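**Q** Sequence below, structure please.
(one chain, ligands or ions: 1)
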Amino acid sequence: MNNSIPYGRQNITPEDILAVTEALQSDYLTQGPRILEFENEFASYVGSKFAVAVSNGTAALHLNALALGVKPGNKVITTPLTFAASANCIRYCGGTVVFADIDPDTYLLDIKAVRKLLESAPRGTYQGIVPVDFAGRAVDLEAFRKLADEFDLWIIEDSCHSPGGFFIDSQGVQQHCGNGNFADLAIFSFHPVKHIACGEGGMISTNDEALYKKLLALRTHGIVKDEDLYTNSIEFASAKASTNQYPAWYMEMQMLGFNYRLTDFQAALGTSQLQRADFGLEVRRRIAKTYFQAFKNEDFIKGQSGVIEGHAYHLYVLEVEDRLGLYNYLRENNIYAQIHYIPCHLMPYYRELGWKEGDMPIAENYYKHCISLPMYPTLTRDEQVFVIEKINEFYNV
Ligand SMILES: Cc1ncc(COP(=O)(O)O)c(C=O)c1O
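**A** This next block holds a predicted model:
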């Protein structure tokens with residue numbers, strides 16, 4: 001196999017290129033009609049009432065933390081098994097990140113560990129929870145919502161890995177990631193390795209109209225352009241005094257926001273990619289099934305969850321013996337597997353805040369063995385067979 005095989009890669013089609021070209025030739029490069037179109041289509045894809053397109057997933061997380069009012073001293077619980085941004089958004093607002101360990105079978109934030117934290121502190125100690133649909137497996141948000149309500153907490157669902165994913169609720173209903181039925185806010189990333197690629201890009205979904213309006217303002221410097229929301233302070237009311245309506249230029253900067261806008265041509269790419277999202281999911285699930293079948297009886301694999309209904313398979317992770325050896329062997333063969341993740345609490349930044357080895361034993365043990373195999377819709381059958389062959393060869397199967 002001459003071509004290198006990464007763990008993830010984008011798929012840009014002629015339709016995508018046409019959509020971007022059309023956007024570039026239109027009157028708008030940023031915040032034109034394609035933003036709203038992408039937001040509406042994305043909201044209907046995940047099943048939420050509202051969606052707000054932003055410049056990347058990290059910006060989405062930051063805006064969520066701001067919209068929910070995270071302040072210095074506020075404590076928020078998240079998983080150590082995630083990309084740093086899931087935790088960092090709390091730090092951007094001066095809040096305190098408290099990690100709770102993962103469930104060894106699902107690799108998701110362990111609700112029992114979260115409950116233990118909540119029960120061992122005075123009420124009001126914690127403000128919120130940021131569960132992550134790690135690898136594409138949907139968190140059981142129905143259970144998390146019950147817990148959050150018990151302790152008066154908000155939930156941000158980090159769904160960067162799971163557009164199109166779902167869990168089955170207690171009534172047997174499919175609950176799609178980011179549908180807003182349980183989490184206050186959910187976020188997605190459109191980084192090239194994700195299901196939908198915009199280069200950079202992100203989306204927030206919610207069913208809460210007040211939060212939606214606040215997020216729209218925070219995305220653009222805290223500027224509000226909605227007559228119903230104007231402050232009507234005496235000075236500003238004079239702006240409409242003579243004609244009894246606000247002049248067209250009128251706007252108010254009501255809070256400290258940012259420029260986290262997505263461009264119109266990125267939105268065009270996102271909308272175009274969204275049309276193939278279901279097909280991409282289907283292929284990812286097929287690839288997962290093939291890996292599962294290939295390794296299900298092998299004892300060099302420590303854990304394989306099987307093929308899980310509703311899993312969006314951003315990643316296909318294995319826990320293996322001699323992970324470093326396998327990783328290097330695959331690289332020698334042009335296969336660029338990846339490691340997700342070095343537990344967040346062990347990053348030097350979080351160590352400086354007091355976290356240390358031994359604090360999250362399950363995530364730490366997982367990290368010693370995990371490896372993410374190539375997983376993307378354009379991975380060919382031959383390439384996948386080659387990956388499986390090389391893994392078997394390494395373990396002398
Ligand atoms: C779980 C998770 N959260 C947040 C992010 C941040 O997204 P972005 O890279 O678009 O800022 C990522 C992306 O890598 C991610 O994987």
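
**Q** From Ala210, how far out is the residue of the chain found nearest the ligand?
**A** In the chain, the residue that lies nearest the ligand is Gly57 (2.5 Å; CB to the nearest ligand atom). For glycine as for every other residue, the C-beta is placed from the backbone atoms N, C-alpha and C. With the distance defined as CB to CB, to the nearest Å, Gly57 ends up 23 Å from Ala210.

**Q** Between those two, which has more neighbouring residues?
**A** More neighbours surround Gly57 than the other of Gly57 and Ala210, with 26 against 9 (other CB atoms under 10 Å).

**Q** Look up the closest residue to the more buried one, ignoring the ones flanking it.
**A** Distances taken as CB to CB, 6 or more residues apart in numbering place Ser189 nearest to Gly57, at 2.9 Å, with adjacent residues excluded.

**Q** What of Thr378?
**A** Asn11 is the one closest to Thr378 (CB to CB, 6+ apart), at 5.0 Å.

**Q** if I read this right, that neighbour contacts Pro377, doesn't it?
**A** Yes. Under the criterion of CB atoms under 8 Å, Asn11 makes contact with Pro377 at 5.7 Å.

**Q** shared neighbours, these two?
**A** Jointly contacting Asn11 and Pro377 under the rule CB atoms under 8 Å, 6 or more residues apart in numbering are 276, 280.

**Q** pLDDT on the longest helix along the chain, on average?
**A** If you go by DSSP state H, the chain has its longest helix at helix 277-295. Regarding helix 277-295, the rounded mean pLDDT is 96.

**Q** name the helices or strands packed onto it?
**A** Other helices and strands packing on helix 277-295, by 3 or more CB pairs under 8 Å, 6 or more residues apart in numbering; DSSP states H and E, are strand 316-320, helix 381-394.

**Q** Among the ones you listed, which comes closest to Thr290?
**A** Thr290 lies closest to helix 381-394 among the helices and strands packed on helix 277-295, at 5.9 Å (CB to CB).

**Q** returning to that earlier point: now for the residue nearest to Gly57, how many residues are close by?
**A** By other CB under 10 Å, neighbour count at Ser189 equals 30.

**Q** what do you get for Met255?
**A** 14.

**Q** now swap in the one 5 residues further on and tell me
**A** If you count neighbours by other CB under 10 Å, Tyr260 ends up with 22.

**Q** Surely it is in contact with Gly57?
**A** No. Using CB under 8 Å, Tyr260 is not in contact with Gly57, being 10.8 Å away.

**Q** returning to that earlier point: contacting residues for the residue of the chain closest to the ligand?
**A** Contacts of Gly57 (CB under 8 Å, 6+ apart): 85, 158, 160, 187-191, 202.
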